[in-house]
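In: build me a model:
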Amino acid sequence: DLIELPMVNHSTIKVCCMKRVCKGCILAARQRGIYGTCPFCRTLLPDNYALMLAMIRKRVHTKDADAISHLGDRYYHGELGLAKNVPRAIELWTRAA
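Out: Here you go, the predicted model:
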């Protein structure tokens, strides 16, 4: 089974492992009693923006292209408590490419 298009409507990116996990997999994990952890890597999920950003930045420091691109997206949209900063987003996307 494949994730239907558009993927963003049927899946979510987990900041712990930067994997796109479909909502069906998340539901199946919950039905098996797996709450509060990533269905892919079993890491505890952050419960606030500061912890989410810390996980993303940790992966950015290891030069993970997916994490760098994801952080660029957060700057572009001004999410996770970050101020909207399009030049910074473009810089990160270029670095991730």
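
In: which element is the nearest residue to residue 12 once chain neighbours are set aside on?
Out: Nearest residue to residue 12 in three dimensions, chain neighbours excluded: residue 21, at 6.1 Å (CB to CB, 6 or more residues apart in numbering). For the C-beta atoms, the positions are set from N, CA and C on the backbone; glycine is no exception. Using DSSP states H and E, the element containing residue 21 is strand 19-22.

In: also residue 82?
Out: Using DSSP H and E, no helix or strand contains residue 82.

In: state the distance from it to residue 56.
Out: 10 Å (CB to CB, to the nearest Å).

In: the two: which has the busier surroundings?
Out: residue 56 (23 against 16; other CB atoms under 10 Å).

In: so which elements touch the strand holding residue 21?
Out: Here strand 19-22 touches strand 11-14, going by 3 or more CB pairs under 8 Å, 6 or more residues apart in numbering; DSSP states H and E.
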